[in-house]
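# Requesting a structural model of the entry that follows:
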Amino acid sequence: MSDDFSQFIEMYLVDILYLAISGIRLMSQQAFVCMEEIAAAPQNGYPKILGQLFSNATGKNKHKMHKKGCLQFLHFSFKLWSTDCLERHVTGFAKVIKTCLAGKDPTEREEVRSDHIYSNTP
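Alright, predicted model coming up:
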């Protein structure tokens, strides 16, 4: 993918994540599908957005569906992107996993446990 698309993703990822908390089920489902397709598009991924996803996934005042969207995008990126892109962000992944597993929200804990991130991270 070109740099133009990378800038597009950086600008509109937050808006796509906010669609995930939409009360309209169709829009919410399409936001998750869109995130999956964006994560699957490049092999090297978009490492610039990982920091934003880490902070949104561990934020205290975020909607549970917003956090779930961030966790799913991190799951897709962990599963689909090359290790060269992700190796600099291992500490971020570990922090998100620890924070979500220790959190009070059962949706977060369930999402992290069901993801391959939890089972494949040392």
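# tell me the contacts of the residue nearest to R88 when sequence neighbours are not counted?
In space, and not counting its chain neighbours, R88 is closest to P47: 7.2 Å by C-beta to C-beta, 6 or more residues apart in numbering. The C-beta positions use only the backbone N, C-alpha and C, and glycine is treated the same way. By C-beta atoms under 8 Å, 6 or more residues apart in numbering, the contact set of P47 is C85, L86, R88, H89.
# Sort out for me which of the residues you listed are in helices.
When DSSP state H defines the helices, the subset of the contacts of P47 inside them is C85, L86.
# Mind giving me the PyMOL select for the contacts of P47, buried ones only?
Entered in PyMOL, the line below selects the buried ones among the contacts of P47, by 16 or more other C-beta atoms under 10 Å:
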select buried, resi 85+86+89
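# Would you reformat the contacts of P47 as a markdown table and include distance to Y18 and pLDDT?
Compiled in a markdown table, the contacts of P47 are given as follows (distance: C-beta to C-beta, whole Å; pLDDT from 0 to 100):
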| residue | distance to Y18 | pLDDT |
| --- | --- | --- |
| C85 | 25 | 81 |
| L86 | 25 | 83 |
| R88 | 27 | 87 |
| H89 | 23 | 87 |
